[in-house]
Structure formats: structure tokens, C-alpha cells
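**Student:** Pasting a predicted model and its sequence here:
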Amino acid sequence: MSMGVSRPLTGVLLALSLAVTACGGDGRESEPSAGTGCVTDFDAARDYFPVKQTIRHATNFTLTYAKNYQVVTVKQPSPGAKSETYVLVRCGTPAPELTGPLSGAVTVQTPVRTMFAGSTTHLPFITDLGVLDRLKGVGTAGLVTSPQVRERVTAGAITEYADITGQEIDTEKVIGARPDVLMTDGREVGSYGTLRKAGVRIVANAEWQETTALGRAEWIKFVAALTGTEAKATEVFDGVAARYRSLAAKAKTAEPVTVLPGQMFQGQWAIPNGDSFMAKLLKEAGGTYAWADTEGTGSATFDLEAVLARARDAEIWLPQVSEWKTLADVRKADSRYAEFAAFRSGKVWGINKALGPGGGNDFYERGVGHPDLILADLVAVLHPDLMPGHSFTFYQQLTR
């Protein structure tokens, strides 16, 4: 069945309008349920955010505080998009006037009680913060690797609301569920206009636009601002950052190993530029590659012959293909791959150790919030003497 709208929305919109009116205008019950942290006796002089978060690594969002609300601005939800500002108002306190810098901002009552998540990269943050019970919808359940989330999908506690592309959304299902927020990856989809008109708050979690591993992981604080779990976010992130820095310091003592990242896709080989997320990760793992000194984020594309000319002798090859399990799979994809030294020596490591039953890859899910686990694997691949007995999380060596 198509994930688009299956019948007219008029009845659903009317039901939602009546429900919102009954709840005092924002969809919340007049008496807050236990655990929401709603204020029952507002004091204008009180600071309702005694635990404040500081953003140190993420550069694509800012967070500031007033006494009873936070202002979060996502600088670039997607490439070329305008910034978006969210006013996160402590439930039970008055919202500020949306004038001046707040003009056009989206107001969200927090802590949110229910949320939908459009990307699997959001799931580790939600789980680590201990608020998985508030997750009521995921974009595509088949791509989820988290056992805890999959169990809740199977039990009917979490619903699927989009197709595998994320472009076709069952708007009726979302509106009927009335989540406090729908968290997207920042890219705009046509159906979002319908959802906004129906009162669904849409917020952009654009962690994927960060250019450092810790910058991406620090978006746990964005989710914490929505869920009122600031202390937990600081605890989790500080642990990840400490482990990451310790691993990077260990790898810095070793001689850099030459690496070949990526593989061909539709006739082109994407090589990360020197200022990209992957380039920095490889460097911190004690690796280097032929294009490490190029400027810019993102990647540049080359044909296979150009890659062979510059990186034929790379010691270790790190393809980003989940389907390759053996070197025979690699040769079958393109016989010319056998010309790389890493192929001949068998030093080809893929990110296919942690795959979900529907084809999702935990490297792209849990790895976003836990780059320390990725870095640990990479250090063990490049410098096994530094990581004796390491138990791999995402990477595994392709067999012959």
C-alpha cells in the first residue's frame, strides 16, 4: 500500500482541531501527566533550566537560554536551506512573543511526551537518553538495526509512517497520532506542509551536516533540549568524547598507515576531501590517504583508473559496501579491484559486522552517536598492536 494519504484528511483535521481546543490550545492535557515536568505554579523570577548544556563541538546548531524557554537555531537544515529557529518553552509556562529574532520560530512545549523520528540516526540519541518510551513513530522500520526499537515496532508501540525513501509520508497516520514533534533530517518533503497546517511541530535534526565525529555525536544535546534530559546528555556525550580523545591520542603515537577509502558506485569513486568528516576520522585513527591534503568538505569523484594511479599501493582498503563479505564478492563487482595491493594482501575491511534484518547498517545508526566505537575499530584495523584483543563493533575483514 502506498504510504501517501489514502483518504481525505478533513475528518482527521477536524478531530485534531477539537482535541487541541480541549487541551488548551497546544494539544496537551490541562493536567500534565507524571514525568512531563510541567510547571503548575509559574514564577516569572525562577530559572526553569538549572541544568544548562554547552555546545563545544557541533557547529550547525546553537542553544541559548531564557528563564522559562530555550532558543535552538539550526543554521543549515540541509545544503542551501535557510536557518530554522525553535523556541522550546517549559510546559506550563507562557511562551514569549515571536518578534524580532524569534519571528517565524516554531514553538514547542517541552519536555515533549511523544515524538516521531524520521532518521535512524536519531535513535541512538533517544535510546541513550532513556526516553525510548516517548518514541511513537519511525520513518522506515525496516532500516532500523536497534533491537530495542525493533521490539517496540513489533509490539505496536512504534508505528512506521513513511516509505523507504522517506519521501512518501502517510500524513493521516502522523496527524492521527499527534506527536509533540516530528524530528526530520532537515531535508524538506512536500507532505510537511500538510503536517504543519495540522499543527504537527516539525524540527530538523541535521547532525549529518557536521564535519567532525564529535560534532555529530553532540546532537544528543539537541534531543535532550526537547526531552528535558540535559544532565543525561552531558553524561553520555562526555563519556563518548573522553573515549574518543583517548583513542586518538593512542593512535597518534603510531606511524600513519596508508588507506584507500570507498569504492566505485555507478561508474564513479567518491573520495573524501581533506576537511571532511571521514578524512578527519581516518587521520585520528592513525591513517592517511592519497587525497588527505585536498581542501573542502564532502567528496570528489574519480574513475577507477585515476584511483588506481594514485592509491594502488595503499596498505588497507576500507570500502563502504555492506553487501561485500568475501574478496570474491569484490572481484565479482569489478575484476580491476584485484589490482589494489590491499586486495592482494587480503587487507580489506568492510562495515558489515552489524546489519539489521531489514538491511539497515548500525555503522550509520549507532555509529553517529558513538564515534568512539568507530574509532576503536579503525585503530584496531590500522594498528592492531595498539588494540590487542579488540572486539569489533562495525568492521570485519573480508574473507578469501
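**Tutor:** Perfect, I can see it now.
**Student:** send the alpha carbons of stretch 185-195 over as CSV?
**Tutor:** Extracted C-alpha coordinates of stretch 185-195, given in CSV (Å, rounded to 0.1, in the frame of the first residue of the first chain):
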residue,chain,number,x,y,z
ASP,A,185,16.9,15.0,9.0
GLY,A,186,16.4,18.6,7.8
ARG,A,187,15.5,18.0,4.2
GLU,A,188,12.1,19.2,3.1
VAL,A,189,9.4,16.9,1.9
GLY,A,190,6.2,18.0,0.3
SER,A,191,4.0,16.4,2.9
TYR,A,192,5.5,18.5,5.7
GLY,A,193,3.3,21.5,4.6
THR,A,194,0.2,19.4,5.3
LEU,A,195,1.5,18.3,8.6
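**Student:** Just the buried positions in it, please.
**Tutor:** 185-187, 189, 191-192, 194-195 (16 or more other C-beta atoms under 10 Å). In short, each C-beta sits where N, CA and C put it, glycine included.
**Student:** Mind checking which of those land in helices?
**Tutor:** Using DSSP state H, 191-192, 194-195 are the members of the buried residues of stretch 185-195 that sit in helices.
**Student:** Any regions of this structure where pLDDT drops low?
**Tutor:** Low-confidence segments of the chain (pLDDT under 70): 1-36, 166.
**Student:** let's see 50
**Tutor:** Applying pLDDT under 50 to the chain flags the ranges 1-35.
**Student:** which SS state does the residue most central in space within it fall under?
**Tutor:** Residue closest to the mean C-alpha point of the chain, counted by C-alpha atoms, centre = their mean, is Thr121 at 3.0 Å. Three-state assignment for Thr121 (DSSP: H, G, I helix; E, B strand; the rest coil): helix.
**Student:** Next, format the buried residues of stretch 185-195 as JSON lines and append distance to Glu323.
**Tutor:** Putting the buried residues of stretch 185-195 into JSON lines (distance: C-beta to C-beta, whole Å) gives the following:
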{"residue": "Asp185", "distance to Glu323": "24"}
{"residue": "Gly186", "distance to Glu323": "28"}
{"residue": "Arg187", "distance to Glu323": "26"}
{"residue": "Val189", "distance to Glu323": "28"}
{"residue": "Ser191", "distance to Glu323": "31"}
{"residue": "Tyr192", "distance to Glu323": "32"}
{"residue": "Thr194", "distance to Glu323": "36"}
{"residue": "Leu195", "distance to Glu323": "35"}
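**Student:** Out of these, the closest to Gly359 would be?
**Tutor:** Asp185 (18.4 Å; C-beta to C-beta).
**Student:** follow-up on the earlier one: from the ones in helices among the buried residues of stretch 185-195, which is closest to Thr326?
**Tutor:** Ser191 (41.5 Å).
**Student:** Hmm, the closest one is touching Thr171, no?
**Tutor:** Yes: using C-beta atoms under 8 Å, Ser191 makes contact with Thr171 at a distance of 5.1 Å.
**Student:** before we move on, back to that, kindly reformat the ones in helices among the buried residues of stretch 185-195 as TSV containing distance to Gly267.
**Tutor:** Listed next are those as TSV, based on distance: C-beta to C-beta, whole Å:
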residue	distance to Gly267
Ser191	33
Tyr192	34
Thr194	38
Leu195	38
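**Student:** contacting residues for Phe394?
**Tutor:** For Phe394, the contact set (C-beta atoms under 8 Å, 6 or more residues apart in numbering) comprises 351, 353-354, 362-363, 367, 373-374, 377.
**Student:** again, but for His122
**Tutor:** Counting by C-beta under 8 Å, 6+ apart, His122 makes contact with 183, 205, 223.
**Student:** Return the subset of those residues lying in strands.
**Tutor:** Here DSSP state E is the test, and the contacts of His122 give Met183 as lying in strands.
**Student:** Can you flag the buried ones in the contacts of His122?
**Tutor:** 183, 205, 223.
**Student:** Can you report how many residues lie near the closest residue to the last one other than its chain neighbours?
**Tutor:** For Val223, the nearest residue in space outside its immediate sequence neighbours is Phe125; the separation is 4.3 Å by C-beta to C-beta, 6 or more residues apart in numbering. Residues within reach of Phe125, counting by other C-beta atoms under 10 Å, total 28.
**Student:** what about dumping the CA coordinates of whichever strand or helix holds Phe125 to PDB?
**Tutor:** Phe125 belongs to helix 123-128 when assigned by DSSP states H and E. This file holds the C-alpha atoms of helix 123-128, laid out as PDB (Å, rounded to 0.1, in the frame of the first residue of the first chain):
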ATOM      1  CA  LEU A 123      17.500   6.500  17.500                       C
ATOM      2  CA  PRO A 124      20.800   6.100  19.500                       C
ATOM      3  CA  PHE A 125      20.300   9.600  21.000                       C
ATOM      4  CA  ILE A 126      16.700   8.700  22.100                       C
ATOM      5  CA  THR A 127      17.800   5.400  23.500                       C
ATOM      6  CA  ASP A 128      20.900   6.700  25.300                       C
END
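**Student:** tell me what it is packed against?
**Tutor:** strand 115-117, strand 135-138, helix 147-154, helix 220-227, helix 362-369 (3 or more C-beta pairs under 8 Å, 6 or more residues apart in numbering; DSSP states H and E).
**Student:** Out of these, flag the one nearest Asp47.
**Tutor:** Smallest distance to Asp47 across the helices and strands packed on helix 123-128 (C-beta to C-beta): 15.3 Å, for helix 220-227.
**Student:** So which elements touch that closest one?
**Tutor:** strand 61-65, strand 69-74, strand 106-110, helix 123-128, strand 181-184, helix 230-251.
**Student:** Please produce CSV containing the ones you listed, extended by distance to Val39.
**Tutor:** Converted to CSV, those look like this (distance: least, C-beta to C-beta, whole Å):
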stretch, distance to Val39
strand 61-65, 16
strand 69-74, 12
strand 106-110, 11
helix 123-128, 24
strand 181-184, 19
helix 230-251, 16
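**Student:** closest to Glu218 out of these?
**Tutor:** Checking the helices and strands packed on helix 220-227 against Glu218 by C-beta to C-beta gives helix 230-251 as the closest, at 5.8 Å.
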